[in-house]
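Trainee: Please work out how this folds:
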Amino acid sequence: MGCSSCSTGKDGQPGGCKNNGTCGTDGCNKLTVFDWLANMSLPNGENAFDCVEVRFKNSRKEFFRNTEKLSLSIGDIVATQAQSGHDIGMITLVGELVKVQMKRKKVDFKDEELAKVYRKASQTDIDKWQKCRDREEEIKKRAREMAIILKLQMKISDVEFQGDGSKATFYYTAEDRVDFRQLIKDMAKAFSIRIEMRQIGYRQEAQRLGGIGSCGRELCCSTWLSDFRSVSTSAARYQQLSLNPQKLAGQCGKLKCCLNYELDTYLEALKDFPSQDTKLFTEKGLAFCQKTDIFKATLWFSYKDDPANWHTLSKEQVQEILEKNKKKEKVASLEEYAVDNIVIDEKVVFENVVGQDSLTRFDKPKRSRNSKSRNKNRNNRNKNKKGGNTNSRNNNNKNGNNNNKKRQPKNA
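Mentor: Purely as a prediction, here's the structure:
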């Protein structure tokens with residue numbers, strides 16, 4: 001996710017918008033919705049929808065009515081109505097898609113008591129809002145220290161200031177009910193603001209804080225996932241995953257939401273599969289199902305007396321045996337069916353067309369010291385052999401010349 005201001009900086013380093021979640025184009029924010037109706041004009045006689053979607057800190061979004069008929073677009077910072085005072089937020093969606101979002105979140109767009117947009121935020125409003133946001137980390141730290149002193153079993157995960165700085169909302173998680181009345185009094189005295197405590201779940205906490213999942217990407221709950229369905233361990237069993245809590249748990253400590261993504265496909269594929277408790281009656285003995293492979297449509301069975309040896313059967317073969325068992329007929333053994341499933345792996349021979357089959361073909365082989373000394377000895381031996389051969393040849397030539405001289409007759 002990125003926006004036009006998240007460009008590359010000096011020396012190829014990412015510049016980043018540095019707006020701390022208030023990017024002007026709303027391209028690098030959480031739960032961003034793409035307005036695919038932005039370039040389409042309204043039919044003649046139709047008025048634009050008078051409600052807008054405004055995003056506040058992290059994933060909090062609310063809907064407001066544009067009663068003043070301001071010309072608002074995505075990225076505008078506006079002052080909105082609050083319970084007391086006003087709040088500052090950013091427009092994330094306008095037009096007809098706002099009506100679709102309100103229907104999806106079950107918000108009545110015909111409600112006359114819907115909160116209103118006051119005006120576009122001035123520079124004074126933005127500066128005051130930014131100062132309040134800069135205080136949030138310090139106040140969160142001090143509030144956690146107060147909760148520890150009072151020995152409250154709760155975790156303050158986030159603090160959100162109202163745009164005018166008159167109120168702060170503290171989001172916390174807790175296993176049981178917490179009596180934080182004394183905590184609110186202490187924080188009101190220390191910070192001189194109105195305090196609101198709001199309990200959230202562990203999944204909502206991960207949504208607000210964000211993070212990187214085990215897949216290497218941003219958390220789904222902080223980027224696009226808006227509704228949280230319950231995830232049970234049966235989802236992992238249907239997908240034949242090991243029930244390891246360290247692998248199945250997400251950043252929130254609960255089961256990962258992505259376990260539900262492919263669950264419907266697995267359930268549809270398992271309709272034609274025999275159950276995990278299937279028993280096969282054979283003349284050799286009773287067989288139990290040990291493992292199933294949905295993708296290959298195979299099952300592994302083993303005898304009760306010999307659980308170590310598994311026999312591979314296809315889904316059709318198991319159904320055939322079950323039909324015979326229903327008729328009170330027993331098959332001879334599982335080996336007869338397992339032999340048909342043995343496939344000889346044919347080794348594929350790849351032809352080397354180019355003639356370059358080694359990645360290290362251009363690397364010079366390293367010679368050891370022993371090989372160098374051996375080569376020297378070989379060279380010396382060859383030289384000696386060559387020298388000895390030449391000497392013997394010279395001697396033979398000399399002897400031959402002397403014999404010829406002796407054979408020549410003397411002149412009388």
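
Trainee: Distance of T312 relative to I294?
Mentor: Taking CB to CB, to the nearest Å as the measure, T312 and I294 are separated by 14 Å. C-beta: built from backbone N, CA, C; applies to glycine.

Trainee: okay, those two: which has more neighbours?
Mentor: Comparing T312 with I294 by other CB atoms under 10 Å, the one with more neighbours is T312, at 18 against 15.

Trainee: wait, doesn't that one sit right on T298?
Mentor: Yes - in this structure, T312 is within contact of T298 by CB atoms under 8 Å, at 5.7 Å.

Trainee: Quick check: end-to-end length of stretch 50-59?
Mentor: End-to-end distance for stretch 50-59: 23 Å, by CA to CA, to the nearest Å.

Trainee: and I74, helix, strand or coil?
Mentor: When classified by DSSP: H, G, I helix; E, B strand; the rest coil, I74 comes out as coil.

Trainee: quick one: it and L93 touch, right?
Mentor: Yes - in terms of CB under 8 Å, I74 counts as a neighbour of L93; the distance is 6.8 Å.

Trainee: Quick check: neighbours shared by those two?
Mentor: Listed contacts common to I74 and L93 are D35; contacts here mean CB atoms under 8 Å, 6 or more residues apart in numbering.

Trainee: neighbour count winner among the two?
Mentor: Comparing I74 with L93 by other CB under 10 Å, the one with more neighbours is L93, at 23 against 20.

Trainee: Surely that one and L72 touch.
Mentor: No - using CB under 8 Å, L93 is not in contact with L72, being 10.3 Å away.

Trainee: So for these two, which residues contact both of them?
Mentor: V52.

Trainee: average pLDDT across stretch 314-332?
Mentor: Average pLDDT, stretch 314-332: 88.

Trainee: Which residues does it contact?
Mentor: Under CB under 8 Å, 6+ apart, the answer for stretch 314-332 is 272-274, 278, 280-284, 297-299, 301, 313, 337, 340-341.

Trainee: List only buried entries from those.
Mentor: The neighbour-count criterion (16 or more other CB atoms under 10 Å) marks 273-274, 278, 280-282, 298-299, 301, 313, 337 among these as buried.

Trainee: What separation do you get for G213 and L225?
Mentor: Distance, G213 to L225, by CB to CB: 11 Å.

Trainee: Correction: the previous question concerned E196.
Mentor: For E196, the distance to L225 - CB to CB - is 26 Å.

Trainee: List the residues that contact the residue nearest to K155 when sequence neighbours are not counted.
Mentor: Leaving aside its sequence neighbours, K155 sits nearest to T173 (CB to CB, 6 or more residues apart in numbering; 5.1 Å). Neighbouring residues of T173 by CB under 8 Å, 6+ apart: 154-155, 157, 199-202, 205.

Trainee: and the gap between T173 and R198?
Mentor: 11 Å.

Trainee: How about L37?
Mentor: 34 Å.

Trainee: which sections of the stretch 301-412 of the chain are below the confidence cut-off?
Mentor: For the stretch 301-412 of the chain, residues meeting the criterion pLDDT under 70 lie at 339-378, 380-412.

Trainee: Near the nearest residue to F191 once chain neighbours are set aside, how many residues? Count them for me, please.
Mentor: Once flanking residues are discounted, F191 sits nearest to I139: 6.0 Å by CB to CB, 6+ apart. Neighbours of I139 under the rule other CB under 10 Å: 19.

Trainee: List the neighbours of whichever helix or strand I148 is part of that are in contact with it.
Mentor: Here I148 sits within helix 136-149, counting by DSSP states H and E. Here helix 136-149 makes contact (CB under 8 Å, 6+ apart) with 154-156, 158-161, 168, 170, 180, 183, 186-187, 190-191.

Trainee: Appreciated, that's everything.
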